[in-house]
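*Asks:* Here you go, sequence then predicted model.
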Amino acid sequence: MAGRRFHSIGTLLVVLILTALVPSIVAGQADSDSFINTDEPAWLIIVGALVAIVLIIVIALWRMEGFGKAELAHWLTTTNHKDVGLLYLWASIIFGVIGMALSILIRLQLIVPDNEFMTGGLFNEAVTMHGAVMVLFTVSPMAFAFANYIVPLQIGARDMAFPRLNALSFWTFVLGGLTAASGFFFGGAADVGWTFYSPLTSIDYTPGAGVSLAGAGLVLLILSVTGSTINFLVTILRHRIPSMEIMHMPMYTWSILFTVILMLIIFPALLGAVLMLVGDRVFGTLFFDPAIDGTTWWLHIFWFFGHPEVYVVLMPGLGMALEVVPTFVQRHLYGRKIIIWSLMVALVLSVLVWAHHMFVTGINPTFRKIETIGTELISVPFGIVYLCLLGTFHKSKPDFTKLPLAFVMGAIGIFLIGGITGVFLSSVAMDVQLRGTYYIVAHFHYTLGSVAVMTLAGIYYWYPKMFGRMLDRGLGWWHFWLTFLGINLTFIPLFGMWDMPRRIYSYQANEGWATENLFATFGSLVVFVGQLIFLWNFIRSMKHGELAGDDPWGGSTFEWSTSSPPPEHNFDELPELIS
Amino acid sequence: MALSSVEMSAGKYGMEAGGEVHNSPAPLLTSLAITLCLGGLLIWPLAVLGVPLLVYSINKWLREEVGLWPERPVRNSADWGDASWAMVWIIITECIIFASFFAYWFWTRWHTISWDGSVGGTWPAAGVEHDITLVGINTVILLSSGILAHLSGNRHAEGDASGATKFLYGTILLGGAFLVIQLYEYTNAGFLWNDHPYGTAFFSLTGLHGLHVLVGLIALSVIGALMHGGHLPSERHDGYRAVMMYWHFVDAVWVLLFLIVYLEAI
């Protein structure tokens, strides 16, 4: 059915993309002479990452039996929530490869003192795009991948409330990511840090196309997120099977509900900020004019988004952990209602404490105290959730041989370190000393690292549902240990470098940072190898994995009551809630 | 959520009830068009491709939607469906976008004259005078359009299609007049957005609102076209109500904007 349409749509698309790209490439080259600077060895890795991405796509398509024009047309036009979920999964994996390649570049540059692997300019681009790609285009879309696939199944719905809006969100997200990353080829990507601090981002100090392209990419991402947010809110609140009261919803669905509510509140503020930034750069408005302290204005509006974004990233991973643990310890989640209420409290607190990113900017001292107390308060609800999660293990016989549970255990450990080191940073006195150092870098990579590991637990948990086959266990254990040990090997040395400023591209031998940096780079390569094994496992198991059956884990939520993978309409017979 | 479960048992699961999934190129084309339009701000030839593609793809999208409607459940015109609830969330999002620009307004004002006017700058900026009579008339026009929108919605819910259409056209006409008068006000303002931060705050706030009026007018026109084609009986009041809610929101923002931006300048 879709195949006949392919010719007209495909031809139109190819023509459009080519006509769009050619003038922009020409314009980009005219802007700058640094189109691709082949003198720098680092470019080999960027080009290598691109080749790797093409290879991933080709291999993945090749693994799908009989992939032809009709299938291509199907994936370009699909509106089914499960297909869109898989598209999100592939897209976030690809953006993840880009983000990881950039992090390897950063670590390789810092491996020894006085390294000349990259120039300072390219290093700045790599740092900026690593942050932006990982936070905005990898981790959140990975959450949307599972949310799209799993949430309608968990609440017994046939699809999302607005399937086409869902597809629109996906394509807008992809094009947004490509627009932001395209700066690499149009005279240099954004190189101002992922926080885009003013006045560095003004057209006077950063004249290239990179920042404007990143702004355009962000606008597209925000449109996409807003569409998804509305879609999930209507779906979760109105399309549950009638017998499912809101307090009976599975924890993963709860976590997605919290995530989208938070997104609904913070992403419009980011849209405001980005529109102002692009306005200043393109139309000459004066939003960030020094005369009205535009620098601090940017900090306020950006961190009003930026701080809760951390919880946007955290919530879905937490939901996965809260789903995985009860399944594998074969007990009900301890304190389910307490967890839900704690997360609500955390949600409210999270939008009130943005200014703890601004302790050294000369804001009102009373305001600083309020923000310190608020930030310390946030650790209370998360502490409660953490203890409830651990309480679930009480008097149980957990099956630690199962990979999803292993990943959650790893995440629990990593999150503990990230959380405890964060408590110190909420104190103004400590923050003034530690801000802008590698201590901060280590802290937030520990929190986000635990999110990434929880997300991996989710992949191991739901892969059988998505593809009908299990991921290989042997490769999975290699992946687990390399990831877990690699993360610690990378970031524990960084805590020791609490006197090394972040974002510097080189340092001298007599600073005494050489050993720590060497270990950190080694650790990052270990993580990298682990993820390569995972990718191979992911692609290989689609065809050669052990058959999974409907419910390989003994899970109790609705997605396990249908076949693996589920039929197009999800359920042949709608499930009923038995409490 | 008692209401939603009653409604759900009546009109099961919306559009995919038949189990058939409909593929469509419209979402991909629309997002491509949006990207090209946005890219057009940086490299203008992209907009030349983007705008026609946007019109084409949205038109295609709407036609396909209308084609799917016979499969979808109808509901009592008083019931709130997915579209109306989605509009509630959209309006919350919009509130925060406007809040960020209002916040900038107060930030700029604070850094120009402080809260109590003690710092010594002038607010509004020196030489700025608003034609308050003109803006007052424009306010009356926009609020009247809101009343007409309300009447139109009521008529539509009652099943009076011709009455609803009449009031709808009245709404569009007054909304269009509002935009024209605002453009006239802009061209006679005597200052620009890049003259001083006051200009930036003024033009961004009123311009953002004007953009919303424009989007509202497009949505109202789409409703008008659907009414003209007879696609919107009162059993499909849900989408009609959603568009009217949006228009009321645009009105309400203007009241706030009038109070904050213009009244101080008198």
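*Replies:* Everything's here; your move.
*Asks:* what's stretch A:201-216 in contact with?
*Replies:* Here stretch A:201-216 makes contact (C-beta atoms under 8 Å, 6 or more residues apart in numbering or on different chains) with A:28, A:31-32, A:125, A:132, A:176, A:179-180, A:182-183, A:186-192, A:196, A:199-200, A:274, A:277-278, A:280-282, A:288, A:298, B:38-39, B:41-42. Quick note: C-beta positions are derived from backbone N, CA and C, even for glycine.
*Asks:* Show me chain B divided up by domain.
*Replies:* Residue ranges for the domains of chain B, per automatic domain parsing: B:23-72, B:79-265.
*Asks:* Centre of the chain to the longest one, how far?
*Replies:* The reference is to domain B:79-265. On the basis of C-alpha atoms, centre = their mean, to the nearest Å, domain B:79-265 sits 7 Å off its chain's mean C-alpha point.
*Asks:* And stretch A:208-220, by the same measure?
*Replies:* Relative to its chain's centre, stretch A:208-220 lies at 19 Å (C-alpha atoms, centre = their mean).
*Asks:* May I have that stretch as CSV, with CA atoms only?
*Replies:* C-alpha atoms of stretch A:208-220 as CSV (Å, rounded to 0.1, in the frame of the first residue of the first chain):
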residue,chain,number,x,y,z
GLY,A,208,30.0,32.3,12.8
ALA,A,209,26.8,30.5,11.7
GLY,A,210,27.3,27.8,14.4
VAL,A,211,25.4,29.5,17.2
SER,A,212,22.5,30.5,15.0
LEU,A,213,22.3,27.0,13.5
ALA,A,214,22.3,25.6,17.0
GLY,A,215,19.5,28.1,17.9
ALA,A,216,17.4,27.0,14.9
GLY,A,217,18.0,23.4,15.9
LEU,A,218,16.9,24.1,19.4
VAL,A,219,13.7,25.8,18.2
LEU,A,220,12.9,22.7,16.2
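*Asks:* Let me know the average pLDDT across stretch A:69-83.
*Replies:* On average, the pLDDT along stretch A:69-83 is 86.
*Asks:* Next: stretch A:486-496.
*Replies:* 93.
*Asks:* What of stretch B:114-123?
*Replies:* Here stretch B:114-123 scores 73 as its mean pLDDT.
*Asks:* Pull up the distance across it, start to finish.
*Replies:* 10 Å (C-alpha to C-alpha, to the nearest Å).
*Asks:* Also stretch A:152-172?
*Replies:* With C-alpha to C-alpha applied, stretch A:152-172 spans 21 Å between its terminal residues.
*Asks:* quick revisit: of the contacts of stretch A:201-216, buried ones?
*Replies:* Taking 16 or more other C-beta atoms under 10 Å in any protein chain shown as the criterion, what is buried in the contacts of stretch A:201-216 is A:28, A:125, A:132, A:176, A:179-180, A:182-183, A:186-192, A:196, A:200, A:274, A:277-278, A:280-281, A:288, A:298, B:38-39, B:41-42.
*Asks:* Near chain B, which residues of the stretch 301-450 of chain A are found?
*Replies:* A:Ile301 (C-beta under 8 Å from any C-beta of the partner chain).
*Asks:* change it to 10 Å
*Replies:* Within the stretch 301-450 of chain A, the positions near chain B by C-beta under 10 Å from any C-beta of the partner chain are A:Ile301, A:Phe304, A:Phe305.
*Asks:* ok, the first one - contacts?
*Replies:* Residues counted as contacts of A:Ile301 (C-beta atoms under 10 Å, 6 or more residues apart in numbering or on different chains) are A:269-270, A:272-274, A:276-277, A:287, A:354, B:100, B:103-104, B:107.
*Asks:* how about a cut-off of 7 Å?
*Replies:* Residues near A:Ile301 by C-beta atoms under 7 Å, 6 or more residues apart in numbering or on different chains: A:Ala269, A:Gly272, A:Ala273, B:Ser100.
*Asks:* which residue does chain B bring closest to chain A?
*Replies:* Nearest residue of chain B to chain A (C-beta to the nearest C-beta) works out as B:Ser100 at 3.1 Å.
*Asks:* Secondary structure element holding that residue?
*Replies:* helix B:82-113 (DSSP states H and E).
*Asks:* coming back round to it: so which of the contacts of A:Ile301 is the most crowded?
*Replies:* A:Ala273 (28 neighbours; other C-beta atoms under 10 Å in any protein chain shown).
*Asks:* Quick check: closest non-adjacent residue to it.
*Replies:* A:Ile301 (4.5 Å; C-beta to C-beta, 6 or more residues apart in numbering or on different chains).
*Asks:* now the one you found: how far from A:Leu200?
*Replies:* For A:Ile301, the distance to A:Leu200 (C-beta to C-beta, to the nearest Å) stands at 16 Å.
*Asks:* now A:Met409
*Replies:* Separation of A:Met409 from A:Leu200 (C-beta to C-beta): 42 Å.
*Asks:* Can you get me a residue count around A:Trp254?
*Replies:* By other C-beta under 10 Å, the residues close to A:Trp254 number 24.
*Asks:* any idea which element the residue nearest to it when sequence neighbours are not counted lies in?
*Replies:* Closest residue to A:Trp254 apart from its sequence neighbours, by C-beta to C-beta, 6+ apart: A:Ile340 at 6.0 Å. A:Ile340 belongs to helix A:336-350 when assigned by DSSP H and E.
*Asks:* Tell me which other helices or strands that helix touches.
*Replies:* helix A:251-278, helix A:294-329, helix A:365-391 (3 or more C-beta pairs under 7 Å, 6 or more residues apart in numbering or on different chains; DSSP states H and E).
*Asks:* Can you add distance to B:Ala219 and give the ones you listed back as JSON lines?
*Replies:* Below are these laid out as JSON lines (distance: least, C-beta to C-beta, whole Å):
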{"stretch": "helix A:251-278", "distance to B:Ala219": "19"}
{"stretch": "helix A:294-329", "distance to B:Ala219": "27"}
{"stretch": "helix A:365-391", "distance to B:Ala219": "40"}
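*Asks:* which residues sit in contact with whatever residue of chain A ends up closest to chain B?
*Replies:* With C-beta to the nearest C-beta as the measure, A:Gly272 is the residue of chain A nearest to chain B, at 3.1 Å. Listed by C-beta under 7 Å, 6+ apart, the contact set of A:Gly272 reads A:Ile301, B:Ile97, B:Ser100, B:Phe101.
*Asks:* and those residues, which two are the farthest apart?
*Replies:* Spanning the widest gap among the contacts of A:Gly272 are A:Ile301 and B:Ile97, at 11.4 Å by C-beta to C-beta.
*Asks:* Get me the contact residues on the stretch 101-250 of chain B for chain A.
*Replies:* Neighbours of chain A within the stretch 101-250 of chain B, by C-beta under 7 Å from any C-beta of the partner chain: B:Phe101, B:Tyr104, B:Trp107, B:Thr108, B:His111, B:Thr112, B:Trp193, B:Asn194, B:His196, B:Pro197, B:Thr200, B:Ser204.
*Asks:* of these, closest to A:Trp462?
*Replies:* The closest of these, once distances to A:Trp462 are taken by C-beta to C-beta, is B:Phe101, at 40.9 Å.
*Asks:* Point out where the stretch 51-200 of chain B drops to low pLDDT.
*Replies:* For the stretch 51-200 of chain B, the stretches with pLDDT under 70 are B:116-119.
*Asks:* typo on my end, chain A
*Replies:* Applying pLDDT under 70 to chain A flags residues A:1-47, A:60-67, A:578-579.
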